[in-house]
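Enquirer: Requesting a structural model of the entry that follows:
(chains A and B)
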There are 2 protein chains.
Amino acid sequence: MKQQLTRIEMVMADVKEKIATVTYMPGSRLPSVRAAANSYGFSPSTIMEAYERLQIEGVIYSRPGAGFYVAESIAPLSLTESGHNLDRTIDPLWVSRQSLEPSNNVLKPGCGWLPPEWLFEEGMRRGLRHVARGDATVISEYATPLGLPPLRQLLTRRMAGLGIDAQPSQVVLTESGTQAIDLILRFLLTAGDTVVVDDPCYFNFRALLRAHRVKVIGVPYTPNGPDAEAFVATLNKHKPRLYITNAAIHNPTGATLSPSTAYQVLQLAQAAGLYIIEDDIFADFEVKPAPRLAALDGLSRVFYIGSFSKTLSASLRCGYIAAPNEWVESLLDLKVATGFGGDQLAAAVVLSALTDSGYRKHMNTIHTRLARARNQTLPKLAKLGIVPWLIPQAGMFLWCRLPDNNSATQLANNCLSQGVVLAPGNAFSQSKNAENFMRFNVAQAADARIYEVLADALN
Amino acid sequence: MKQQLTRIEMVMADVKEKIATVTYMPGSRLPSVRAAANSYGFSPSTIMEAYERLQIEGVIYSRPGAGFYVAESIAPLSLTESGHNLDRTIDPLWVSRQSLEPSNNVLKPGCGWLPPEWLFEEGMRRGLRHVARGDATVISEYATPLGLPPLRQLLTRRMAGLGIDAQPSQVVLTESGTQAIDLILRFLLTAGDTVVVDDPCYFNFRALLRAHRVKVIGVPYTPNGPDAEAFVATLNKHKPRLYITNAAIHNPTGATLSPSTAYQVLQLAQAAGLYIIEDDIFADFEVKPAPRLAALDGLSRVFYIGSFSKTLSASLRCGYIAAPNEWVESLLDLKVATGFGGDQLAAAVVLSALTDSGYRKHMNTIHTRLARARNQTLPKLAKLGIVPWLIPQAGMFLWCRLPDNNSATQLANNCLSQGVVLAPGNAFSQSKNAENFMRFNVAQAADARIYEVLADALN
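Expert: Purely as a prediction, here's the structure:
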């Protein structure tokens, strides 16, 4: 009986997942009870029970004599797989929600940012004072659709340093790096489209794509970039519209795209009519420059993204898109419709901080501190049998394999109850094959209590 | 021949509009050539020609022997009806794009905001300095998912003053009032849903809904709120999921919801399972308080929205939602997925400015200046035969009828070429029955050149 219940629940969960990812479109017919029984390998009565319960939940409905159909008007969008807070399942939002919650004495080696005292606090204070005594327009008026001109000019110069040839008229300021990606997704995608991500990839790519009700396919990530063979097979099989990836320092692995993989990916994208979002928010953490897809491509099918949350301040929101010329006007329409003006004041503070004479020294200090933190964290993890997949050249992340027989999900849940927020592998994995992996942020991993809690919780 | 071409184009435009508003769903079959010929009253050959051209454009495709179907994968989202800039058709984005463009010596009686010198520049400068020397957390860290606690507490006290009983745990800070609405739309709506707006309504509601690919129905707005009879008929016929409206001072008419209309709308919404977004960004402009739907409803089906762009500064972006309790967690998931942290720094500056001892005096000055500007603008418009639909009690807008035989669209285009940005009626009208109306902003209407340009351009 217990076994029977579990099978029913499995079918229900699977149907819901297929509806959420628009594998089953609203209004479409579900597989017949007989066909589903065959494909799941369960009895028809199990399938029937699952369908009937889904009908009670309003997820599907039946047409007499014609089978079951996906409800047309679905319930308000839910991005979660279950409840909230402590008892919430590990889904793509788990790490961010746990890390962003207000908390005292909670340690966050799972979070994706530097401790606030590492950020450019003095530069930000100077920037705020500078804006406070500056131009009245910047204090009071709506930004222009593109955003503050001198910041866009500065950004094109910074991109030129990475070989990316962008005009200021192609640079659209946004409210954050995340909002930049969201804007492009809204622009390019329709519910039911397919998007390729790295497996593993930044968990919020997955949460964001879920909000767009699109189908997501993961391609295994290698130390040199996405696996070329799997990438080709995915393009052929799924005809995706878009590929989202990190530039420079891959999140969560810390790997770097090799020039030959970059070239291959771009050639394949061109042949398949695939668009690419290249998220480069860790650009300033780089020590040795890696190739950028946007540089090779000349911003023809690559949308290049950046922000300042990881280097200047996470409190103030400002990001940007360098977009293919032909799409700029339509992106601006969408930006105005969905947010009206941009945050000109934030843009002015960012401009001031980036041009502050102390900024270069600030980033050099971060590089030094990260290298030291990485060297200190590695042996502490090694003592617990936690081994990095690779040693990154730069950045804050270590993507680590746990000792055998440990579930990252279970470990994360256990440690959360002890006041330690971790980042379990499957939050990053579309195929959910990273149950044995954990992402550590070396800048947030100094406290000895983390290793005590981990040692207690590990099998 | 000319006539024939026009009919073909009419059919093409109509089909495109129905696809854009998801009256025709992706993948669905179009009416047969014969059926369409009957319903348009045109010849079958006209319809056939239109369908074939739409097929060439990739908007529809044919299945041999089975008719024409809406293309599954549509082109990147376009919110416009035609080209851009000067030659752009008057669509819901026309006014905002024209008003937000950088410009020298352009007069903007069509824009929806106060001149920058009317805003709280000194309070903003003090707020910026206050934050610049304040708490490091506010300078550097990500906001919590809900946003800065003391600002949310202050907002609940302000709402209490309007009879709205909200807990701080129901108040979600957002990047702007527009982004607040967008977040709720993403949460509540699926492509193909129907939404009711006032006719006329704030043009950006229409642009925003277009970005959500939903069907929009307008209900005529009366001096006391939406026309109750038309509202009932719309609920019965279209089963909408949501109604979006302004609280307090209606944009563009300046009308005020009466208590009895408020009560009726809420009762109807309750009976029909309709959600409501009440956008109250002009709350602080009110002189005599009007009823709020959110107050009557107790935040059970009403989402209440506010922001500070019209009173403090449009340069810094900060808005909020007071949401029904049951939806808060899911809204936060969506907020985190689509924007990660909120702008804590902006929230801190807003908090400082709202609690600044000069804020009340600032708003009193705005009330006085608006009343004076209204009194000065009315006779200048009257001289040109431009007459207000009603005299508003407060706010910056006058919704005016043009002298007979004048097209607001044509007038707006002519005046734009003379450096005057107007707000033509049909940008606000879902039914496009406001071709004889124009919205004027009295705070931006002092310059004599406006009336010279108008006088020249009027028939």
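
Enquirer: Could you list the low-pLDDT ranges of chain A?
Expert: Applying pLDDT under 70 to chain A picks out residues A:1-5, A:22, A:57-58, A:64, A:72-89.

Enquirer: Using the record's domain definitions, break it down for me.
Expert: Listed by automatic domain parsing, the domain ranges of chain A are A:2-70, A:85-118+A:360-457, A:121-354.

Enquirer: okay, those domains in JSON lines with mean neighbour count and distance to residue B:372 next?
Expert: C-beta: built from backbone N, CA, C; applies to glycine. Compiled in JSON lines, the domains of chain A are given as follows (neighbours: other C-beta atoms under 10 Å in any protein chain shown; distance: least, C-beta to C-beta, whole Å):
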{"stretch": "domain A:2-70", "mean neighbour count": "15", "distance to residue B:372": "54"}
{"stretch": "domain A:85-118+A:360-457", "mean neighbour count": "19", "distance to residue B:372": "46"}
{"stretch": "domain A:121-354", "mean neighbour count": "22", "distance to residue B:372": "21"}
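
Enquirer: Tell me which of those approaches residue B:413 most closely.
Expert: domain A:121-354 (18.7 Å; C-beta to C-beta).

Enquirer: does residue A:303 sit in a helix, a strand or a coil?
Expert: strand (DSSP: H, G, I helix; E, B strand; the rest coil).

Enquirer: pretty sure it is touching residue A:320, no?
Expert: No: if you go by C-beta atoms under 8 Å, residue A:303 and residue A:320 don't touch, sitting 10.7 Å apart.

Enquirer: give me every residue that touches residue A:240.
Expert: By C-beta atoms under 8 Å, 6 or more residues apart in numbering or on different chains, residue A:240 lies in contact with A:193-196, A:217, A:234, A:272, A:274.

Enquirer: Doesn't residue A:375 belong to a strand?
Expert: No: judged by three-state DSSP, residue A:375 forms no part of a strand; its state is helix.

Enquirer: quick one: it from residue A:440, how far?
Expert: Relative to residue A:440, residue A:375 is positioned 13 Å away (C-beta to C-beta, to the nearest Å).

Enquirer: any idea how far residue B:338 is from residue A:93?
Expert: Taken as C-beta to C-beta, the span from residue A:93 to residue B:338 is 11 Å.

Enquirer: That should have said residue A:337, apologies.
Expert: 15 Å.

Enquirer: Note down every partner strand of the longest strand anywhere in chain A and its orientation.
Expert: Secondary structure of chain A per DSSP state E: the longest strand is strand A:215-222. Using DSSP bridges, strand A:215-222 pairs in its sheet with strand A:194-199 (parallel), strand A:225-226 (antiparallel).

Enquirer: Give me the contact list for it.
Expert: Contacts of strand A:215-222 (C-beta under 8 Å, 6+ apart): A:21-23, A:192-201, A:206, A:209-210, A:226-227, A:230-231, A:234, A:238, A:240, A:250, A:253, A:255, A:261, A:429-431.

Enquirer: My reading is that residue A:439 is in a strand; is that accurate?
Expert: Yes: counting by three-state DSSP, residue A:439 is located in a strand.

Enquirer: Centre of the chain to stretch A:248-259, how far?
Expert: 14 Å (C-alpha atoms, centre = their mean, to the nearest Å).

Enquirer: Can you name the residues of the stretch 301-450 of chain A that neighbour chain B?
Expert: For the stretch 301-450 of chain A, the residues in contact with chain B (C-beta under 8 Å from any C-beta of the partner chain) are A:309, A:313-317, A:327, A:329-330, A:332-334, A:336-346, A:349.

Enquirer: If we use 10 Å, what do you get?
Expert: A:307, A:309, A:312-319, A:326-327, A:329-334, A:336-349 (C-beta under 10 Å from any C-beta of the partner chain).

Enquirer: Filter those down to the ones in strands?
Expert: Per DSSP E, those map to strands at A:307, A:319.

Enquirer: from the residues of the stretch 301-450 of chain A next to chain B, which ones fall inside helices?
Expert: A:329-334, A:336-339, A:344-349 (DSSP state H).

Enquirer: Among these, list the two that are farthest apart in space.
Expert: The farthest-apart pair in these, when distances are taken by C-beta to C-beta, is A:330 and A:349, at 28.6 Å.

Enquirer: what separates residue A:343 from residue A:354, distance-wise?
Expert: Relative to residue A:354, and taking C-beta to C-beta, residue A:343 is found at 15 Å.

Enquirer: And residue A:23, by the same measure?
Expert: 44 Å.

Enquirer: Setting aside sequence-adjacent positions, which residue approaches residue A:288 most closely?
Expert: Spatial nearest neighbour of residue A:288, chain neighbours left out: residue A:393 (6.0 Å); criterion: C-beta to C-beta, 6 or more residues apart in numbering or on different chains.

Enquirer: The one you found is in contact with residue A:253, isn't it?
Expert: No: with contacts counted by C-beta atoms under 10 Å, residue A:393 stays clear of residue A:253, the gap being 11.8 Å.

Enquirer: For those two, list the residues in contact with both.
Expert: Common neighbours of residue A:393 and residue A:253, using C-beta atoms under 10 Å, 6 or more residues apart in numbering or on different chains, do not exist here.

Enquirer: Residue A:102 and residue B:61: what is the separation?
Expert: 53 Å.

Enquirer: and what of residue A:213?
Expert: From residue A:213 to residue B:61 the distance is 23 Å (C-beta to C-beta).

Enquirer: and what of residue A:141?
Expert: Distance from residue A:141 to residue B:61, by C-beta to C-beta: 47 Å.

Enquirer: distance from the centroid: which residue in chain A tops it?
Expert: residue A:65 (43.9 Å; C-alpha atoms, centre = their mean).
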